[in-house]
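S.K.: Need the 3D shape of this:
(one chain, ligands or ions: 1)
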Amino acid sequence: MRLHPAVLANTEEVLREVLRFTTPADAVISRYFKEHPRLGGRERGAIAESVYAVLRNKTFFTDFAGSNASMRRLAVLGLAEAVGIEPIAGLSDEERELAERVKQIDRSLLPPQKRSNMPGWLYEKLVGQYGQDEADVLADALNKPAPLDLRVNSLKADREQVIAQLAEAPIAADPTPFAPLGLRVHKKPALQNLPLFKEGSIEVQDEGSQVLAQIVGAKRGEMVVDFCAGAGGKTLALGALMRNTGRLYAFDISEKRLAKLKPRLARSGLSNVHPVQIAHERDAKIKRLAGKIDRVLVDAPCSGLGTLRRNPDVKWRQPPEVAQEMHDKQVSILDGAARLLKGGGRLVYATCSLLDEENDRVVERFLADHPDFELVPMNKVLAEQKIPLEMDSYLKLLPHRHQTDGFFAAVLERKKAAAKPAAAKDEDSAD
Ligand SMILES: C[S@@+](CC[C@H](N)C(=O)[O-])C[C@H]1O[C@@H](n2cnc3c(N)ncnc32)[C@H](O)[C@@H]1O
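M.R.: Residues are numbered from 1 along each chain as shown. Model (predicted):
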């Protein structure tokens, strides 16, 4: 079935704004849809997917659309990639011919960096870290859309029940291989109006993000801090793992993000979560809890380059210096969060970055500066949590290996004997 003839112009209009790279693509798209309430669901889907297709294939499309690659031509190629050529209404002969020509190109014959559709600095970093062959497979995986993963809220339902209820909708879903409460949904149905969603039995959450929450190992009755809680994706999972007992503080510097946690909390049925806005990682509110916490998750602000399947604009928006800039911030946040832990308590450092500067290098620097902490090897943590994954020191989830977003995590334990003096010293120097 043909799309409405205005879709091509709509896509062009959205692209013009998105490709300025001043605002995240998802924010531009949702604002556009609010300003154009008469667009139907099918049209919205086609516009959004076409914009993401252009972001994923920008190098390739601009090369093949000719040196005068206009926004209109990019919109044509994006739509052709997302929905095929036939449903597009209003194509000129020349545009149809361009779309057909581009579809026929064998992309495996392109030079690797062009095929990666990444800025040169990022491609080179990935080759440096993973080697050419794996970097190419990784880049291909990052350029494909992510599947839709759900987490079952164990306070309200179990996985089998949810699979059966989704099947009635009818929505097909399979258990995820690593996260014990995860489901992978085929296609991308709208979930917001499902009773399962409204009553809090399911949340949208990438399987990798669920695994991160799981390796925190939070138990019933514990004192836990989610230091960078944001809108609470991992907070909700942690609260359920604690069986709605103990105390779970959700810290963040962003009032706006914490506000988005509120309705999700209400749906979830959790009453053990305490959102707290902090000014920065040395806020006095943190000092009051120093040495009292069993588990701290630092899901640090990062470049976000592990989420390119969902946010393909990130690779074009981040400057080459992003990893080094983030590194210093991440070290400072980890240092601020570490003072919360009691002896024997665990600090989990996590990012959704693929870059060593934001991951391994941060942990190495932290351990060098904090002799009262030691690394708990990830294979030990995964075995404790019965997660069927093989890792070495750290958790490194990658889309081409694990079908998740790219995630990194390290578990750091505060040594028991060193806890008291270190906590006292930290408190003295907190300001
Ligand atoms: C990767 S996001 C967190 C995502 C969230 N944990 C989730 O699962 O949805 C990083 C968060 O860190 C917050 N942040 C940035 N600087 C911070 C700081 N100094 N202290 C605490 N949170 C901070 C940001 O506002 C952002 O919400």
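S.K.: Centre of the chain to stretch 166-175, how far?
M.R.: 24 Å (C-alpha atoms, centre = their mean, to the nearest Å).
S.K.: distance of Val127 from Asp294?
M.R.: According to C-beta to C-beta, to the nearest Å, Val127 stands 41 Å off from Asp294. For glycine as for every other residue, the C-beta is placed from the backbone atoms N, C-alpha and C.
S.K.: and if you look at Asp174?
M.R.: Distance of Asp174 to Asp294, computed by C-beta to C-beta: 34 Å.
S.K.: Which of the two has more residues huddled nearby?
M.R.: Asp294 (21 against 12; other C-beta atoms under 10 Å).
S.K.: Could you list the paired strands of the helix or strand harbouring that one along with their orientation?
M.R.: According to DSSP states H and E, Asp294 maps onto strand 293-299. In the sheet, strand 293-299 lines up against strand 223-226 (parallel), strand 341-351 (parallel) (DSSP bridges).
S.K.: closest one to the ligand among those?
M.R.: Closest to the ligand of these, according to C-beta to the nearest ligand atom: strand 223-226, at 6.4 Å.
S.K.: what is the rounded mean pLDDT of the closest one?
M.R.: Average pLDDT, strand 223-226: 98.
S.K.: can you give me the strands for the protein?
M.R.: 148-152, 173-175, 182-185, 202-204, 223-226, 247-252, 273-277, 293-299, 341-351, 373-376, 395-397, 407-414 (DSSP state E).
S.K.: could you redo the ones you listed as TSV and give each row distance to the ligand?
M.R.: Shown next, in TSV, are these (distance: least, C-beta to the nearest ligand atom, whole Å):
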stretch	distance to the ligand
strand 148-152	11
strand 173-175	21
strand 182-185	14
strand 202-204	10
strand 223-226	6
strand 247-252	5
strand 273-277	9
strand 293-299	4
strand 341-351	7
strand 373-376	19
strand 395-397	14
strand 407-414	10
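S.K.: Can I get these in TSV including distance to Glu358?
M.R.: Formatted as TSV, these follow (distance: least, C-beta to C-beta, whole Å):
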stretch	distance to Glu358
strand 148-152	23
strand 173-175	31
strand 182-185	25
strand 202-204	25
strand 223-226	19
strand 247-252	19
strand 273-277	24
strand 293-299	12
strand 341-351	5
strand 373-376	17
strand 395-397	12
strand 407-414	8
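S.K.: Tell me how many other residues crowd Arg365.
M.R.: Neighbours around Arg365, by other C-beta under 10 Å: 16.
S.K.: and the closest residue to it other than its chain neighbours, what pLDDT?
M.R.: Excluding the flanking residues, the one nearest Arg365 by C-beta to C-beta, 6 or more residues apart in numbering is Val331, at 5.5 Å. Looking at Val331, its pLDDT reads 98.
S.K.: So what does the residue of the stretch 301-431 of the chain found nearest the ligand look like in phi/psi?
M.R.: Nearest to the ligand, among the residues of the stretch 301-431 of the chain, is Pro301, at 4.1 Å (C-beta to the nearest ligand atom). Main-chain dihedrals, Pro301, degrees, to the nearest 10: phi -60, psi 140.
S.K.: which stretches of the stretch 201-350 of the chain form helices?
M.R.: Ranges of helices within the stretch 201-350 of the chain are 207-215, 233-241, 255-268, 284-287, 314-317, 322-338, based on DSSP state H, counting those that start in this stretch.
S.K.: can you list those in a markdown table and add mean neighbour count?
M.R.: Compiled in a markdown table, the helices of the stretch 201-350 of the chain are given as follows (neighbours: other C-beta atoms under 10 Å):
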| stretch | mean neighbour count |
| --- | --- |
| helix 207-215 | 26 |
| helix 233-241 | 26 |
| helix 255-268 | 15 |
| helix 284-287 | 15 |
| helix 314-317 | 20 |
| helix 322-338 | 20 |
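S.K.: which parts of stretch 170-177 are buried?
M.R.: Within stretch 170-177, the residues that count as buried by 16 or more other C-beta atoms under 10 Å are 171, 173, 175-176.
S.K.: In a markdown table, list the residues you listed along with pLDDT.
M.R.: Below are those laid out as a markdown table (pLDDT from 0 to 100):
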| residue | pLDDT |
| --- | --- |
| Ile171 | 95 |
| Ala173 | 97 |
| Pro175 | 98 |
| Thr176 | 98 |
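S.K.: tell me which of these is nearest to Gln385?
M.R.: Nearest to Gln385 among the buried residues of stretch 170-177: Thr176, at 14.2 Å, using C-beta to C-beta.
S.K.: is it true that the closest one touches Ile163?
M.R.: No: counting by C-beta atoms under 8 Å, Thr176 stays clear of Ile163, with 11.6 Å between them.
S.K.: any residues in contact with both of the two?
M.R.: Shared contacts of Thr176 and Ile163, defined by C-beta atoms under 8 Å, 6 or more residues apart in numbering, comprise Leu183.
S.K.: For the stretch 101-250 of the chain, what lies in contact range of the ligand?
M.R.: 209, 227-234 (C-beta under 6 Å from any ligand atom).
S.K.: quick revisit: mean pLDDT lowest for which of the helices of the stretch 201-350 of the chain?
M.R.: helix 284-287 (a mean of 93).
S.K.: Can you tell me which of the strands paired with strand 293-299 is packed in deepest?
M.R.: Mean neighbours per residue, mean count of other C-beta atoms under 10 Å, is largest over the strands paired with strand 293-299 for strand 223-226, with a mean of 26.
S.K.: Render the CA-only coordinates of that one in PDB, please.
M.R.: Taking C-alpha atoms only, strand 223-226 is exported to PDB below (Å, rounded to 0.1, in the frame of the first residue of the first chain):
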ATOM      1  CA  MET A 223      20.800  -0.400  51.400                       C
ATOM      2  CA  VAL A 224      21.500   0.300  47.700                       C
ATOM      3  CA  VAL A 225      22.300   3.400  45.700                       C
ATOM      4  CA  ASP A 226      21.700   3.900  42.000                       C
END
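S.K.: isn't Ala169 right up against Leu194?
M.R.: Yes: with contacts counted by C-beta under 8 Å, Ala169 reaches Leu194, the gap being 6.5 Å.
S.K.: Of the two, which one has the most company?
M.R.: Leu194 (16 against 13).
S.K.: wait, what's in contact with the more buried one?
M.R.: Leu194 neighbours (C-beta under 8 Å, 6+ apart): 166, 169, 202.
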